[in-house]
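> I need the structure of the sequence given here:
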Amino acid sequence: LEYFASVDGELMSFATVFAAYDVYIVSLTYCAISTHYADRLEDFENIISYFTFKQPVFAPPVQDDEGNEYVLASHEKNVFNFYVPSTWVVAESGEIAGAYFYSTEGDKSNVTLMEYVSAYEIDGAKEYWEDFQKQYDQPIEIVSVDENAKLADRDAFAVEYKTSMNGGNYKIKQIFLASSNIIYIFTYTSTEQFYDAHLDEVAKMIEMFEFKK
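Numbering: from 1, shown residues only. Next comes the predicted model:
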């Protein structure tokens with residue numbers, strides 16, 4: 001599409017190319033003062049000829065053994081793939097991979113998978129959890145501890161606990177995986193009313209978690 005318009009009293013010429021990509025409409029525009037528009041038009045055409053799309057933003061859903069669909073909640077820059085049920089809503093903004101469940105009954109359970117890079121080497125997942133408890137400013141009631149947990153077939157440390165946040169009472173399951181100076185933290189948060197309802201789904205999310213090859 002070629003067109004022109006007056007911008008701040010100057011006549012400008014435009015050329016825009018539209019393309020459908022995944023769930024988006026992408027546009028590429030060349031703009032120049034009309035008297036110089038033809039001078040760089042060939043450059044713009046060359047840019048178009050070399051332009052390529054990366055792999056699709058949204059990976060297709062995958063199915064588990066029971067035929068349930070799971071979608072990718074992690075980002076392109078993450079070193080891992082983190083899948084959640086397609087019935088959950090993937091968090092599209094922010095740096096942390098995550099998703100939440102929404103129901104009219106008030107269920108707002110959510111999961112996140114965070115990758116934290118420390119300035120120093122982390123001694124271990126259990127030690128990180130112990131340091132976390134010291135820094136957390138709310139009371140914690142530990143429900144269960146699993147020192148033999150796994151995340152992506154690697155040794156991890158898991159804990160379930162109850163705590164209060166923002167005026168509400170919650171039950172949380174976390175899995176900590178330490179690797180050199182990096183800690184990976186899976187977190188499932190829910191109210192006690194809805195916590196048990198998603199445990200099977202949470203177990204599947206943990207099972208499907210993998211590091212990219």
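> Only C-alpha atoms from now on, for both contacts and neighbour counts.
OK.
> Check which helix or strand Asp137 maps to.
Assigning secondary structure by DSSP states H and E places Asp137 outside every helix and strand.
> Number of residues surrounding it?
By the measure other Cα atoms under 10 Å, the count of residues near Asp137 is 10.
> cool, and Asn110?
Based on other Cα under 10 Å, the number of other residues close to Asn110 is 21.
> That one and Ala73, how far apart?
12 Å (Cα to Cα, to the nearest Å).
> Next, show the common contact partners of these two.
Gly98, Ala99 (Cα atoms under 8 Å, 6 or more residues apart in numbering).
> quick one: low-confidence ranges for the chain?
Judged against pLDDT under 70, the low-scoring parts of the chain cover residues 22-23, 54-59, 93.
> Dig out what the spatially closest residue to Ile25 that is not a sequence neighbour forms beta bridges with.
Residue nearest to Ile25 in three dimensions, not counting chain neighbours: Ala19, with 5.8 Å by Cα to Cα, 6 or more residues apart in numbering. Here Ala19 sits in beta bridges with Val26, going by DSSP bridges.
> Next, the contact list for Ala19, please.
Ala19 makes contact with Ile25, Val26, Ser27, according to Cα under 8 Å, 6+ apart.
> closest to Thr163 among the residues you listed?
Ile25 (44.2 Å; Cα to Cα).
> Verify the stated contact: Tyr3 with Phe14.
Yes: because the distance of 5.3 Å satisfies Cα atoms under 8 Å, Tyr3 is recorded as touching Phe14.
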